[in-house]
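1. turn this into a structure:
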Amino acid sequence: MTIVTGACDLWSPLRILTFPTWCLLLFASLTCCGASSDEVSHTSTGAPVADVAPVLDAIEPTRSPKNAPFALALTGGPFEPQDVVVVGMHRLDPSVLSKAKLSVAVPALTIGSYEVRVERGELSSESLTLDIHNAEPLIKPLGDAVVAEDELLELQVDVQDIDGDELRVFATGLPPGAKWEESTRTIRFRPDFIQGGHSHDVTIIARDGTVETTQSFRIEIADTIAPPSATVSQVDEVSTAYRLRLAQETDDYLDSPGYAGRTLTARIVVPKAATAQSKFPVRVYLHGLGGSPFSGGTGDQFRIYPHDPMTTYWWGYAETLPGPKPQAGLVKNYTQRRVLHLLEFVLKNYPGADPDRVYVVGSSMGGAGAAMLGASYARHFAMVNATLGQMVPRNHRPSRINQLSALWGDPATNLLDEFGMAAWDHGDVTRLIATSHESQQQFFSTRHGKDDSTIHFGAAAMPSALTGLSYYEAVHEHAVGHFAVWDEGGHGPSDPVLKSSWWGGHDFVFDDESFLRRDLPFIAFTNSEADGDPGDGTGNGNQNWSATAGYAGSVNVPGDTGWTGDLAGVLGRYLRWDAGAISDELDELRIPLRAVADPGQLGISKGYPPAADGYPGELPIMADGTLRRAKNFICRPGETVKYEFGSLSGEVVADEQGAVTVRDLPIDAQYTTLVLIRPAPSTNEVP
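-> Predicted coordinates:
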């Protein structure tokens, strides 16, 4: 028999005594201290506690997150100071709160089930189970957000993981033009004036490698800028469409205060067959210098024909106009606003107009305007088709700079736009490509002529003083989607050898396989071994430099151009993707790629590219591919991504903008699927 004693100093510290020793010491104790026998601890049955195993009835909590120390409460009893709490392999000294309660500090544990018991010498309680689990990420509740048009929304998402795992946090369902920055867990969005009146359900997804937590909220865009709506002044019916004439009244948002209130004419074409269930694409056509809205058009698509009567190059003019050459004040994009205003009219009034298949087209002044508009507002346009357009306003010929100075102020004056950018640099397409994440998601289809003496070839081949890049260099260096054609054509006349449309008839809007949508990823190809060489914007000695014509030769004389590089060629030719088979998920993106081949095909003449859209060389074509417009497979800067392409596999690292480029893809005539895979984040396990 054993008993626990400790009634006076003789018995401190507490000791467990055997029966013979107890007999002797009990006599001494009673003699010395006068203690009575009822001071010895017994159970309710009269048995001393030291002879009875402790009872463990419950533990709290029964589940706890991994990697985090915590306090464990135990109830049962009776408990004694010499009791030890065993948690798995850990033997822990508890604090005795009462005969029926213990508390013990449990160190950080890894995931698993742990047996908990109370030991007293060789005696032990029954075991209870403690589950150590992975705690799910915690997303602080998000209320719905309201943002006004032309105002900046910055919404930071608070996400925590109490057990210290690495977190990945994503945002899906964002409005067009919004950007998620995972490094700061911030949504940044400045809606433009045609996005008001819409709401977008956004989902935040937090992952720790094991558990996923989601929370949804709504971004509502308040319609705070409401210019007068266009009105229909005339309707003409043709077999497949209605042709509408619109009166577009301006206010001081669509026009400078001095011009506000005037009425401009625009035209649209509405296909009869377009319905909400069968949507048609929308084509915005910007006319050239001195032009007016086109009055024709068939019903294969919606068509929008705006008007730029002031020859603003489809951008805008100073808020001080009308008046003398601007010397002060802001230069605003009034003309662009009027184009977007017409787009809003069509999308709002015709459910059959597809907002994900809007594209902008133009030639000459219209080409410059299309490139600038499509780059600035890539959120609205699936593609830019710009022919013979100046990509860098400061590189215009002297007469055009003089004309535009009456609208924008002299280039040296550097009047600013409303965002603090110099007006002459606002429309620099190389600047937009180099600095704007939104612009980098655009796809540009362009054509320029080396013997164009009106808007010379330097429009695409000469560098911007601001960025140091030409248009050709910008789309290459920043891996922006492009299909770029050049030849020895002029400002209208075709190449004397290749004639018109020699580069093939691929249509990125209507093609059954390789088509573009605003809401669908695509691959931007660069460094293709099938690319031609447009030159570096300098002369080859054939022609003297002219500030108006550059190094243009005679459009009727083959081979006399003064520009360096191939006489004719294409960047981004022959390479396709199967848009209908694209899969865009958080953890994996799949997109099939192929080359259009025509082995053995020869150019029309030596030194010229093939006139049919088929690669004449040996396959595969080696090219780099950069993912653009992904909605779910968004990467953070510096993230490592795995890829697979046929028998090839490896890893690539996202650039400083989060763009993922796979180098040296061997692209053959048959579709091969490029697969991008996001590795799961590592969990933080304590050994």
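
2. nearest spatial neighbour of Trp424, chain-adjacent residues omitted?
-> Excluding the flanking residues, the one nearest Trp424 by C-beta to C-beta, 6 or more residues apart in numbering is Pro411, at 4.8 Å. C-beta here means a position set from N, CA and C on the backbone, and glycine is covered the same way.

3. from the chain's centre, how far out does the helix or strand hosting Glu115 sit?
-> Assigned by DSSP states H and E, Glu115 belongs to strand 112-120. Strand 112-120 sits 50 Å away from the centroid of its parent chain (C-alpha atoms, centre = their mean, to the nearest Å).

4. Arg218 is in contact with Asp144, correct?
-> Yes - under the criterion of C-beta atoms under 8 Å, Asp144 makes contact with Arg218 at 4.4 Å.

5. low-confidence regions, the stretch 501-650 of the chain specifically.
-> 600-604 (pLDDT under 70).

6. now the helices: where do they sit in it?
-> With DSSP state H, counting those that start in this stretch, there are no helices along the stretch 501-650 of the chain.

7. next up, the contacts around His380.
-> Residues counted as contacts of His380 (C-beta atoms under 8 Å, 6 or more residues apart in numbering) are 176, 194, 340, 343, 355, 358, 518.

8. what distance do you get for Gly209 to Arg168?
-> 8 Å (C-beta to C-beta, to the nearest Å).

9. so for these two, which residue has more residues nearby?
-> Between Gly209 and Arg168, counting by other C-beta atoms under 10 Å, Arg168 is the more crowded of the two (21 against 17).

10. quick one: contacts for the more buried one?
-> 182, 206-208, 681 are the contacts of Arg168 under C-beta under 8 Å, 6+ apart.

11. next: Pro176.
-> Pro176 neighbours (C-beta under 8 Å, 6+ apart): 195, 379-380, 518.

12. among those residues, the buried ones, what's the ChimeraX command?
-> Buried residues within the contacts of Pro176, by 16 or more other C-beta atoms under 10 Å, are selected in ChimeraX with:
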select :195,379,380,518
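
13. who's in contact with the residue nearest to Trp424?
-> 394, 401, 405, 424.

14. can you map out the helices along the stretch 201-350 of the chain?
-> Ranges of helices in the stretch 201-350 of the chain, per DSSP H, counting those that start in this stretch, are 334-349.

15. can you put the contacts of Pro176 in a markdown table and add secondary structure and distance to Ala274?
-> Below are the contacts of Pro176 laid out as a markdown table (DSSP: H, G, I helix; E, B strand; the rest coil; distance: C-beta to C-beta, whole Å):
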| residue | secondary structure | distance to Ala274 |
| --- | --- | --- |
| Gln195 | coil | 22 |
| Arg379 | coil | 22 |
| His380 | coil | 18 |
| Arg518 | coil | 17 |
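
16. for Arg207, grab the count of nearby residues.
-> For Arg207, the count of nearby residues is 24 (other C-beta under 10 Å).

17. mind listing what it touches?
-> 137, 167-170, 213, 680-681.

18. name only those of those residues that count as buried.
-> Among the contacts of Arg207, the ones that count as buried by 16+ other C-beta under 10 Å are 137, 167-170, 213.

19. and Ile162, how far from Gly88?
-> Taking C-beta to C-beta, one finds Ile162 at 21 Å from Gly88.
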